[in-house]
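>>> Here is the input, now give the coordinates:
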Amino acid sequence: MNKTALMICLSVLVGMTQASAQSWLEKIGDRVKEKAIEKVEDRIESRADDAVDKGLNKTEDTIKKSGKKKSTAQTSKESNDNEAIESSDGTQPSRSKADVSYLKYDFVAGNEVIFEDDLKGETKGEFPSKWDLLEGGSEIAQINGENVIALVGYTYVTPLFKSPKDKYLPDEFTLEFDVFLNEVNGEFALEFVNNSDETVAIMHFWKESERFLFEWNMTDQGGKNGEDTYDNSPGWHHFALSFNKRAMKMYMDSKRVANIPNVTVKPSKVKFFARGDEDKSAFHIKNIRLAKGAVPLYDKLLADGKIITYGITFDVGKATIKPQSMGVINEICQMLKNHPDLKFSIEGHTDNTGNASSNQTLSEARAKAVCAKLTDMGIDAGRLSAKGQGMNKPIGPNDTAEGRAKNRRVEFVKI
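As a prediction, this is how the structure comes out:
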């Protein structure tokens, strides 16, 4: 289809309702339909013609709904998986649009992974193998073909550690996971207990029609209700928590929802709780990670000559940086501003998922993406270099989720 014909098609679409546009698309041939969609996407991405873009903005949703339904599941899966796969985008970094809401995000993940569940190898309908059931029911479900943990009815589950020494939470730790919200109302909570299994802290989230609210409660200090309404849009949301000897911070997406300076009784275990309809799951979780340590990044640099980070994550098979990575990137940026003579070789690493060639290419693209992000934030490009290490330098076994998590990393090596 030539450019003139494409413009005629787009003009027709702009004036159509969603129903009439869909009817028109169904009547034209598959070849013409695919070409039109391809041209639309190219126009949107390149922004080459502002006048056409104004019309495309009105028709983009209609075309995607009628001709690109399967891409929604694909996009959802890609935006919530940070592992390397066999294909990649090449050596050029794929940058996501700046998410200004994360500009002040300060969460930094711990530097030693002690529990990781990527849910690989799990069977749909079965209880998740890396968890212990304390009450209720839970099972492996799938969203867009991806394994997730469904918390059904009135349920308590807790991570099941392989090593007895990891049974209790360390003095300093971070916890991260993703939770999927649907249209079902319910309650979700993190409950922390001491060595005697007595509750010391509860973080409650609950969804009520148009609202998604939060509260925290310390058993010896009372609690605080969250009067703010948080993002309850259907889909995946990211949660993060850090504990540093006595201080606890909790984040929902880009927003810090709790800052508790003095937790007088140290948490020893964490339980995941959900309450909803007996036959429906209001909450699903995935990408659960517990990490030990809260050593400041600059102290790690002084001690080791490099910084190993697990908090910079990417879309699957791409170099698109996820917005929750901004906690680490913000701290690295500030470090570079505070120390003008500091220079870094930024090195990307993958696990052994996929083949060596694609992982090498992907790790290079991701290292370049981090360099580009720091440059966009005002760091001189001459102070940064990018290198891809692929799957060549593992620091953990690739036959466990925790080992693979350690191998998927970004390192800042002092030069």
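>>> pLDDT below threshold where in this structure?
1-101, 164, 207-230, 277-282, 294-295 (pLDDT under 70).
>>> domains of it?
With domains defined by automatic domain parsing, the chain comprises 3-67, 112-292, 297-414.
>>> Please work out which of these is packed deepest.
domain 297-414 (a mean of 19; mean count of other Cβ atoms under 10 Å). Heads up, the C-betas are built off the backbone N, CA and C, glycines and all.
>>> that older thread, and of the domains of the chain, who's closest to residue 105?
domain 297-414 (4.5 Å; Cβ to Cβ).
>>> Distance to residue 103 added to the domains of the chain, as CSV?
Below are the domains of the chain laid out as CSV (distance: least, Cβ to Cβ, whole Å):
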stretch, distance to residue 103
domain 3-67, 23
domain 112-292, 9
domain 297-414, 7
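>>> Those domains: which one's closest to residue 106?
domain 297-414 (5.4 Å).
>>> Just the endpoints, please. Distance across that closest one?
12 Å (Cα to Cα, to the nearest Å).
>>> gap between residue 246 and residue 274?
28 Å (Cβ to Cβ, to the nearest Å).
>>> actually residue 333, sorry about that
37 Å.
>>> likewise residue 150?
Applying Cβ to Cβ, the value for residue 150 to residue 274 is 9 Å.
>>> Show me where this protein has its helices.
In the chain, the segments counted as helices under DSSP state H are 3-14, 18-27, 30-46, 50-67, 69-78, 297-304, 326-338, 356-376, 401-407.
>>> Restricting to C-alpha, output stretch 303-312 in PDB.
Output of stretch 303-312 as PDB, limited to C-alpha atoms (Å, rounded to 0.1, in the frame of the first residue of the first chain):
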ATOM      1  CA  ALA A 303      35.300  -2.100  49.800                       C
ATOM      2  CA  ASP A 304      35.100  -4.000  46.600                       C
ATOM      3  CA  GLY A 305      36.000  -1.600  43.800                       C
ATOM      4  CA  LYS A 306      32.600  -2.200  42.200                       C
ATOM      5  CA  ILE A 307      28.900  -2.200  42.900                       C
ATOM      6  CA  ILE A 308      26.800  -5.300  42.200                       C
ATOM      7  CA  THR A 309      23.100  -4.300  41.800                       C
ATOM      8  CA  TYR A 310      20.000  -6.400  41.500                       C
ATOM      9  CA  GLY A 311      17.600  -3.500  41.500                       C
ATOM     10  CA  ILE A 312      18.000  -2.600  37.800                       C
END
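>>> which residues touch it?
Applying Cβ atoms under 8 Å, 6 or more residues apart in numbering, the contact partners of stretch 303-312 are 107-111, 113, 289, 291, 297, 300-301, 321, 324-325, 327-329, 332, 370, 395, 405-406, 408-414.
>>> go with 7 Å
Applying Cβ atoms under 7 Å, 6 or more residues apart in numbering, the external contacts of stretch 303-312 come out as 108-109, 111, 113, 291, 297, 300-301, 321, 325, 327-329, 370, 405, 409-414.
>>> check contacts around residue 370.
312, 346, 410.
>>> Against residue 331, how distant is the nearest residue to the last one once chain neighbours are set aside?
Think residue 410. Leaving aside its chain neighbours, residue 410 sits nearest to residue 312 (4.5 Å; criterion: Cβ to Cβ, 6 or more residues apart in numbering). Remark: distance between residue 312 and residue 331 (Cβ to Cβ) = 11 Å.
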